[in-house]
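Student: pasting the structure only:
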């Protein structure tokens with residue numbers, strides 16, 4: 001099947017989250033490898049749509065046509081299993097792209113998480129196929145729902161200019177200001193480091209106003225609050241300038257299926273400290289290597305417990321005060337930069353998945369999907385995007 005591909009996504013007004021950036025870059029890359037694709041935004045309060053949003057989704061899914069297929073963002077599709085099922089039964093191949101399981105967002109009431117898990121399980125069963133951004137994420141869907149055949153389409157990363165950095169060292173957390181991204185851990189970790197130089201930029205769109213208020217209060221409580229800056233979301237040239245002056249990326253998310261910002265940092269030769277037990281480790285190190293394969297080299301940073309500020313304090317103190325460690329992490333980041341995948345690689349992975357024979361997936365599901373928001377499938381492979389409303 002080599003026809004048009006509609007990439008159906010939430011209409012989020014262009015908010016720069018990991019999921020929305022993946023979707024937009026994928027459409028561009030599909031065109032670059034010769035597949036006609038278009039982005040189809042669907043307005044609605046996803047993942048809790050009203051009737052009007054469901055009608056708009058049905059229109060976007062459309063009807064069968066020769067060679068036509070739909071790649072449906074999981075924030076929309078996993079919340080609308082009936083619409084997915086009806087489209088597939090009508091002959092439209094619908095493949096779900098699950099950036100983040102719906103119940104994995106922090107702050108959900110147990111009943112709400114359980115309902116999202118129920119709907120997501122039904123949507124996964126109805127879809128023609130399922131794609132995820134990482135092997136960690138595919139394992140997570142297997143653990144949660146018994147989804148055994150999810151394909152992996154790891155995000156690409158375009159190599160940019162190598163960052164010059166700053167003095168004092170500039171730390172960056174590029175993520176939505178939401179509880180799952182866990183910026184308050186960074187403030188607790190950095191508070192004791194008053195005797196060494198550093199600045200921290202918390203770059204990203206604001207989430208829940210109450211959470212943002214608490215985050216700003218925590219900044220004011222620091223011994224030197226002037227070291228922390230919150231410029232909001234950045235795009236285009238402003239992002240390029242940010243990377244040019246950054247020395248170290250920090251991503252302490254409690255849940256992360258990949259973390260495209262990590263490979264974006266590596267693309268500029270910037271090392272990263274990420275949360276162990278999340279897919280950001282896969283972004284930092286590369287895809288899991290087969291048993292017996294040689295190691296890929298030194299890690300370009302570290303993976304630390306996202307619930308232990310003292311571990312982050314110790315690691316950051318070492319990095320800030322040890323020039324040899326900084327040089328080691330930087331050299332590893334530059335080496336990893338040379339091995340990054342392109343978005344065209346991602347597009348080919350997507351096409352390989354959706355061009356397989358299609359039909360209702362008929363997956364065997366666990367009788368009671370696990371709504372646990374913080375899966376931990378294994379040490380260090382430890383598995384993107386902040387997206388429930390929209391759950392970088």
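Tutor: Arrived safely. Given the structure is predicted, the values throughout are model-derived calculations rather than measurements.

Student: could you chop the chain up by domain?
Tutor: Per automatic domain parsing, the structural domains of the chain span 5-156+347-354, 170-337.

Student: reformat the ones you listed as a markdown table; add mean pLDDT.
Tutor: Output for the domains of the chain, formatted as a markdown table (pLDDT from 0 to 100):
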| stretch | mean pLDDT |
| --- | --- |
| domain 5-156+347-354 | 95 |
| domain 170-337 | 94 |
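
Student: out of those, which is closest to residue 163?
Tutor: domain 170-337 (4.5 Å; CB to CB). (C-beta placed from N, C-alpha, C; glycine too.)

Student: how far does that closest one stretch from start to finish?
Tutor: 20 Å (CA to CA, to the nearest Å).

Student: please report the distance of the spatially most distant residue from the centre of the chain from residue 81.
Tutor: Here the chain reaches farthest from its C-alpha mean at residue 195, the gap being 34.1 Å by CA atoms, centre = their mean. Per CB to CB, to the nearest Å, residue 195 is found 55 Å from residue 81.

Student: and if you look at residue 42?
Tutor: Distance from residue 42 to residue 81, counting by CB to CB: 15 Å.

Student: tell me which of the two has more neighbours.
Tutor: residue 42 (24 against 20; other CB atoms under 10 Å).

Student: thought residue 60 was touching that one, still the case?
Tutor: Yes - between residue 42 and residue 60 there is a contact under CB atoms under 8 Å: 5.1 Å.

Student: between these two, which contacts overlap?
Tutor: residue 8 (CB atoms under 8 Å, 6 or more residues apart in numbering).

Student: buried set for whichever strand or helix holds residue 125?
Tutor: According to DSSP states H and E, residue 125 maps onto helix 110-126. Going by neighbour count (16 or more other CB atoms under 10 Å), the buried part of helix 110-126 is 112-126.

Student: quick one on the thing from earlier: dump the domains of the chain into a markdown table; add distance to residue 164 as well.
Tutor: Rendered in a markdown table, the data for those read as follows (distance: least, CB to CB, whole Å):
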| stretch | distance to residue 164 |
| --- | --- |
| domain 5-156+347-354 | 24 |
| domain 170-337 | 6 |
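
Student: which of these sits closest to residue 162?
Tutor: Residue 162 lies closest to domain 170-337 among these, at 4.1 Å (CB to CB).

Student: ok, which stretches of the stretch 251-392 of the chain are helices?
Tutor: For the stretch 251-392 of the chain, applying DSSP state H, counting those that start in this stretch gives helices covering 260-266, 280-285, 309-321, 323-337, 343-354.

Student: tell me the angle the third one makes with helix 323-337.
Tutor: Put plainly, it is helix 309-321. Relative orientation of helix 309-321 versus helix 323-337 (axes from the mean of the first three to the mean of the last three CA atoms, to 10 degrees): 100 degrees.

Student: got a list of contacts for helix 309-321?
Tutor: Against helix 309-321 from outside (CB under 8 Å, 6+ apart): 169, 171, 185-186, 188-190, 192-193, 196-198, 248, 250, 252, 273, 302, 304-305, 325-326, 329.

Student: please indicate which of those residues are buried?
Tutor: Those of the contacts of helix 309-321 that meet the buried threshold are 169, 171, 185-186, 189-190, 193, 198, 248, 250, 252, 273, 302, 304, 326, 329, by 16+ other CB under 10 Å.

Student: could you look up the SS state of the residue farthest from the centre of the chain?
Tutor: Following DSSP: H, G, I helix; E, B strand; the rest coil, the label given to residue 195 is coil.

Student: end-to-end on stretch 223-242?
Tutor: Start-to-end span of stretch 223-242 (CA to CA) is 25 Å.

Student: to clarify, my last question referred to stretch 6-22.
Tutor: 15 Å.

Student: in it, which residues are buried?
Tutor: For stretch 6-22, the neighbour count (16+ other CB under 10 Å) marks 6-12, 15-22 as buried.

Student: now for the residues you listed: which two are most distant?
Tutor: Greatest spatial distance among these (CB to CB): 6 and 16, at 22.1 Å.

Student: ok, residue 318 - how many residues close by?
Tutor: So residue 318, with other CB under 10 Å, has 12 neighbours.
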